[in-house]
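Participant: Need a 3D model of the following:
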Amino acid sequence: MQSQADKLKQIVKSDKRRSSKTKFIAVTSGKGGVGKSTISVNIGYLLSDFGYKVALFDADIGLANLDVLLKVQCDKNILDVLKGECSLEEIIVPVKKNLILIPGESGDEILKYGDQFIYERFFEETTTLDDLDYIIIDTGAGIGEHTRLFLNAADEVIVVTVPDPAAITDAYATIKITSKFKSRVYMLLNMVKNENEAKLIFDKINKVAASNIGKDFQLSLIGSLKNDKNISKTIRNRTVFVKEYPNSITTAEFKRIVKKMILELEHKVLDNDKDGGFGGFFKRLFEQF
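Facilitator: Numbering: from 1, shown residues only. Below you'll find the predicted structure:
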């Protein structure tokens, strides 16, 4: 008897869609409490300010909080769409011009629901998001099975850590596992004293990675953020830091990170053979089961 997963794979293989320019950036961390979700929100916000069409996809299973950080209401998520309870359009939350939020769920949970008709309808509905330039995926902390699915399906991965021995150890573990399916991973050092501290930490991790992972793997420092008490203030007030403090040093650091990310991705030729858009991303998720 054909399983639900087998049926889904047949749908995935038969669904032919046009390529999309959308770039998928997964933001992850080895442990919680390092500022991963806050960084995702601020990167997405700045990209939209720069004129790009952006979606924030909340894939932090069990701890989904982008709606709280953005001060918006989310009644349903992507799982409700795949259960046939609502349309994709109904769950999308407008945040500001060029920026939307897509409330997410776990790939494992997705396979428990739906039938052929619902999945086919879902893939058809995702074409409405094909004009997005970037989708920022806020994954769960750690390197569990669900997180690995999202990291593998993304175009690029940013690992966030802080100057704490336990966080650094967990970040390296995340990098090592991610290197099994990605040839490049970016690092972002958060809550550092200065750029010199960030560089010292990165150099140590990079040296260990070079010795243990292999020469074909590239670890790159995308940037660093100094410890700023106003970030905690904006989290409490449910506001976006770069919006509330546009002229701060930390916002300038965020802008440098975003501009470097844009430049790196513009120079990288993404795989033209892969299925594009949000539907293509979910196809890559499903194909891993």
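
Participant: Tell me which stretches of the stretch 1-150 of the chain form strands.
Facilitator: 23-29, 54-59, 93-96, 99-103, 134-141 (DSSP state E, counting those that start in this stretch).

Participant: Redo the ones you listed as a markdown table? Include mean neighbour count.
Facilitator: Using the backbone N, CA and C atoms, a C-beta is placed for each residue, glycine as well. Listed next are the strands of the stretch 1-150 of the chain as a markdown table, based on neighbours: other Cβ atoms under 10 Å:
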| stretch | mean neighbour count |
| --- | --- |
| strand 23-29 | 25 |
| strand 54-59 | 27 |
| strand 93-96 | 16 |
| strand 99-103 | 22 |
| strand 134-141 | 25 |
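
Participant: wait, which of the ones you listed is closest to Cys86?
Facilitator: Closest to Cys86 of these is strand 99-103 (Cβ to Cβ; 11.1 Å).

Participant: and the closest one, average pLDDT?
Facilitator: Strand 99-103 carries an average pLDDT of 91.

Participant: which residues of the chain score low on pLDDT?
Facilitator: By pLDDT under 70, the low-scoring segments of the chain are 1-20, 60-64, 105-119, 269-276, 286, 288-289.

Participant: mind running it again at 90?
Facilitator: 1-21, 31-33, 58-88, 102-130, 139-150, 153, 214-216, 235-236, 238, 264-289 (pLDDT under 90).

Participant: in it, which residue is closest to the centre?
Facilitator: Nearest to the geometric centre of the chain sits Ile137, at 2.1 Å (Cα atoms, centre = their mean).

Participant: ok, so what distance separates that residue from Thr161?
Facilitator: 18 Å (Cβ to Cβ, to the nearest Å).

Participant: Could you measure from the spatially closest residue to Thr234 that is not a sequence neighbour over to Leu188?
Facilitator: The shortest distance from Thr234 to any non-neighbouring residue, by Cβ to Cβ, 6 or more residues apart in numbering, is to Phe241 (4.6 Å). Distance from Phe241 to Leu188, counting by Cβ to Cβ: 15 Å.

Participant: Over to Val81?
Facilitator: In this view, Val81 and Leu188 are 31 Å apart by Cβ to Cβ.

Participant: got it, and Ser232?
Facilitator: Taken as Cβ to Cβ, the span from Ser232 to Leu188 is 18 Å.

Participant: The two: who's more crowded?
Facilitator: Taking other Cβ atoms under 10 Å, Ser232 and Leu188 do not tie; Leu188 has more neighbours (25 against 13).

Participant: Return the residues in contact with the more buried one.
Facilitator: Leu188 is in contact with 39, 158-161, 221-225, 257, counting by Cβ atoms under 8 Å, 6 or more residues apart in numbering.

Participant: and the gap between it and Lys180?
Facilitator: Counting by Cβ to Cβ, the gap from Leu188 to Lys180 is 21 Å.

Participant: who's in contact with Ile177?
Facilitator: Taking Cβ under 8 Å, 6+ apart as the test, what Ile177 contacts is 143, 148.

Participant: buried sites along the helix or strand encompassing it?
Facilitator: Element membership for Ile177, per DSSP states H and E: helix 165-178. For helix 165-178, a neighbour-count test (16 or more other Cβ atoms under 10 Å) marks 167-168, 170-172, 174-176, 178 as buried.

Participant: Return the member of those nearest to Leu46.
Facilitator: Nearest to Leu46, judged by Cβ to Cβ, of those is Ala171 at 23.1 Å.

Participant: I'd like to know which elements whichever strand or helix holds Asn206 is packed against.
Facilitator: For Asn206, the host element (DSSP H and E) is helix 195-212. Helix 195-212 is packed against helix 165-178, strand 184-192, strand 218-226, with contacts defined by 3 or more Cβ pairs under 8 Å, 6 or more residues apart in numbering; DSSP states H and E.

Participant: and those as JSON lines, adding distance to Ile249?
Facilitator: Conversion of the helices and strands packed on helix 195-212 to JSON lines gives the following (distance: least, Cβ to Cβ, whole Å):
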{"stretch": "helix 165-178", "distance to Ile249": "23"}
{"stretch": "strand 184-192", "distance to Ile249": "13"}
{"stretch": "strand 218-226", "distance to Ile249": "7"}
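
Participant: nearest to Asn212, of the ones you listed?
Facilitator: Here helix 165-178 is closest among the helices and strands packed on helix 195-212 (Cβ to Cβ), at 7.0 Å.
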